[in-house]
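1. any chance you can model this:
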Amino acid sequence: MRNAKLRITWPLAVRRCFHNPRVQQEHPSALTRPLAELYGVGAERAEHLARLQLHTVGDLLQHRPRHHEDRRRLRPIRDLEMGVAALCRGTILVQGNKRLRGGGRSLFECVIDDGTARLHCRWWNVPYMDRYFRVGDDLLVFAKVSSLKPRTVDHPETERVENDDDNRIHLDRVVPVYPLTEGLSQRWLRRVMWTVVQAHAADVPEPAYALADMPTRAEAFARLHFPDEQADADLARRRLALDEFVELHRTIRKRRLALQARAIGMPCTGKGQLLQRLTGALSFRLTAAQLRVMDEIRKDLAAPHPMRRLLQGDVGCGKTVVAAAATLTVAESGRHTLLMAPTEILAVQHAHRFREWFEPLGVKVLLQTSSQHEASKSQSKTSAPTLVIGTHALLETDFQLPDVGLVIIDEQHKFGVAQRNQLLRKGRCPHLLVMTATPIPRTLGLTLYGDLDISTIDQMPAGRGAVRTHVRATDRLPKVIEFIRGQLEHGRQAYVVYPRVGDSATEADVKSVEREAAKLKKHFAPHAVGMLHGKMRPEEKDIVMEAFRAGRLAVLLATTVVEVGVDVPNASVMLVENAECFGLAQLHQLRGRISRGAHAGHFILLTNKTTPQVQERLAVLVETNDGFRVAEADLKLRGPGELLGQDQSGLPSFRFGDLANDFDLIQRARDIAMQFTG
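-> Below you'll find the model as predicted:
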């Protein structure tokens, strides 16, 4: 059946349009034909379609239905259940607008009857709805019942049933429901789509690879829009998603092959003497996972092509010492390294750590931030191998360092793809190591980071205290404060994190660090309390962090500036206020700031939100400390767009692919792309 011609029985009104001279005009490519040329569309509706980014016949074929309705199984109104989405049909008995008291609000309501019962359909603050319905209209209604006395639905999806000869498109079948824009009706767009599928689905080109277990692309477009069963539409979606993923992986592979063809790497072998001296001086033993990843990086640095590697691992797994090993290998080859961090706090902390490790080895460490310009001042004198640690200041056009052999980007999810490339241009095809403590879901690892080799540190160092996560309602705050005071009495330190620096006029129930500081200083007295947030001057931040690191402050009130890289081993408690305001990955990063020493930790999430969505998200953190499981849950709950944010917009948008659930397709697409690309 795969090669059989698509056969659909079309209603008379649709068949007539194929004999219209305008439809039969030749066009250079059927799929690039402008929609304004289609019979029944015209210039005005083509403008409406353009608002949906639909300009050509090919665009229209790819306009994916939002969902499908099985209109073979209408529910009698008397059988509708609370909270259960269902489709019913009835005649409008009465309709009209009501003006509500206060604020100029309005309510439009129409009542339908199907002979078994009546259903009240309501729309709030949309008075123009009375333009679309008339008493006596036959109406399809899809919604969840919000009340049974009387039976009521709010803001339902509706469609008028018209007495024409193409009802078979809209009734007694599995029907597509499309995203719309003002000026277009569901019924009109469905009829146009029916016509286009019949006329042009067969014009869709087939790729070079054949898939015995899936429909052809032509069949997939027909089934996607007008399936016999919902399962047909699901399989069609998967086929078209696979094609998207194959094209993505072909692009990634071509980019990688082009880099290898044009970029000559700078082999950085080194003899390993500096690394031996470093590991011998460390106060801890490297894990097997760290040693494995170091070996992967060492081989990359010696290869004829520039390294492009992503190093991922959970919070506290020891990525920094792996970066140090790579830097020393490059230094032994006589070349410099640039390390970019997202915040000045993290850059300064890295500088402290690397100076402690590298100064006994004779490797210079310089700092380049908005407030400290050590590298700029000494770059003309820098000839010996140097590590320059900085923030976005490294991207400034006047900062240059000769003979850069390695670029390291820490917490890479905080930077965009363009920033990564801008830093690479500071050298002549240097090696690249990007690191993240936010474990990347497998699907994103194969798509957004498909042009990078991935190393994973999947083992935690011994001797770390376990962290327990607790979710508490806001009325438990006094008891939480009392618990934290007990920890302070035992010599521990604590963080209290807020979502805002100052008060918000629109979100009065969201707490801010500045408003709460005075109260908490009283609660925790006589223990010293400090405050840290992004609006403070760099030198102020340095003073506060150094006091907390040295133990002169027992409690640090902060915003998410402490999210990455802050390392105070004695801090064992963190309280997060308004936890519902944070993403899962962000909360997991914050959790990684505590119990970095031997003491057990407590991560306390306070929220006054009891919605299922909030409770489900926070429950993930209670159930697991595994960052990889947290990342997968975050992807499913929030989606890749929100998870990555604008800075990571290198990820293409997919019409059919689902990064949260299509891991098997992504793997399969990668294999196909490898076979058909070089």
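2. what are the phi and psi values at the closest residue to residue 426 other than its chain neighbours?
-> The shortest distance from residue 426 to any non-neighbouring residue, by Cβ to Cβ, 6 or more residues apart in numbering, is to residue 404 (5.6 Å). Yep, even glycine has a C-beta here, placed from its N, CA and C like the rest. Backbone geometry at residue 404, expressed as degrees, to the nearest 10, gives phi -80, psi 120.
3. looking at it, residue 404 is touching residue 339, isn't it?
-> No. Using Cβ atoms under 8 Å, residue 404 is not in contact with residue 339, being 11.1 Å away.
4. higher neighbour count, the two?
-> residue 339 (27 against 24; other Cβ atoms under 10 Å).
5. what helix or strand is that one located in?
-> Using DSSP states H and E, residue 339 sits within strand 336-340.
6. which secondary structure elements does whatever helix or strand comes next after that strand sit against?
-> Proceeding N to C from strand 336-340, the next assigned helix or strand is helix 344-358, under DSSP H and E. With contacts taken as 3 or more Cβ pairs under 8 Å, 6 or more residues apart in numbering; DSSP states H and E, helix 344-358 sits against helix 319-332, strand 364-368, strand 386-390, helix 538-549.
7. how big is the angle separating helix 344-358 from helix 319-332?
-> Calculated by axes from the mean of the first three to the mean of the last three Cα atoms, to 10 degrees, helix 344-358 forms an angle of 60 degrees with helix 319-332.
8. taking helix 538-549 as reference, get the angle to helix 344-358.
-> Using the same axes, to 10 degrees: helix 344-358 against helix 538-549 is 60 degrees.
9. circling back: the strand holding residue 339: how far from the chain's middle?
-> Distance of strand 336-340 from its chain centroid, counting by Cα atoms, centre = their mean, to the nearest Å, is 28 Å.
10. direction included, what does that strand pair against?
-> Using DSSP bridges, strand 336-340 pairs in its sheet with strand 386-390 (parallel), strand 404-409 (parallel).
11. wait, what's in contact with the residue nearest to residue 426?
-> The neighbours of residue 404, taking Cβ atoms under 8 Å, 6 or more residues apart in numbering as the test, are 335, 336, 337, 338, 426, 427, 428, 430.
12. what's the pLDDT at residue 640?
-> Residue 640 is assigned 59 on the pLDDT scale.
13. so residue 86 lies in a strand, does it not?
-> Yes. Counting by DSSP: H, G, I helix; E, B strand; the rest coil, residue 86 is part of a strand.
14. what is it paired to in the beta sheet?
-> With DSSP bridges as the rule, residue 86 is bridged to residue 143.
15. can you check residue 112 too?
-> Beta-bridge pairing of residue 112 under DSSP bridges involves residue 92, residue 119.
16. what about it, neighbour count?
-> Neighbour count for residue 112, taken as other Cβ under 10 Å: 25.
17. who's in contact with it?
-> 77, 88, 90, 91, 92, 93, 118, 119, 121, 139, 141 are the contacts of residue 112 under Cβ under 8 Å, 6+ apart.
18. ok, residue 236 next?
-> 215, 219, 220, 221, 222, 223, 224, 227.
19. before we move on, what about residue 96?
-> 108, 109, 110, 130.
20. mind giving me the PyMOL select for the residues you listed, buried ones only?
-> This is how PyMOL selects the buried members of these, with burial counted by 16 or more other Cβ atoms under 10 Å:
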select buried, resi 108+109+110
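21. of the contacts of residue 96, closest to residue 250?
-> Distance to residue 250 across the contacts of residue 96 (Cβ to Cβ) is lowest for residue 108, with 50.8 Å.
22. please identify the helix or strand for that closest one.
-> Using DSSP H and E, residue 108 falls in strand 106-113.
23. now that strand: mean pLDDT?
-> 93.
24. ditto for stretch 151-158
-> On average, the pLDDT along stretch 151-158 is 89.
25. equivalent analysis for stretch 82-89, please.
-> 87.
26. off-centre distance for it?
-> On Cα atoms, centre = their mean, the centre of stretch 82-89 falls 32 Å from the chain's centre.
27. show me what counts as buried in it.
-> Buried-residue list, stretch 82-89, by 16+ other Cβ under 10 Å: 85, 86, 87, 88, 89.
28. contacting residues for the last one?
-> So the one you mean is residue 89. Neighbours of residue 89 in contact, by Cβ under 8 Å, 6+ apart: 74, 114, 138, 139, 140, 141, 161.
29. and the gap between it and residue 172?
-> 11 Å (Cβ to Cβ, to the nearest Å).
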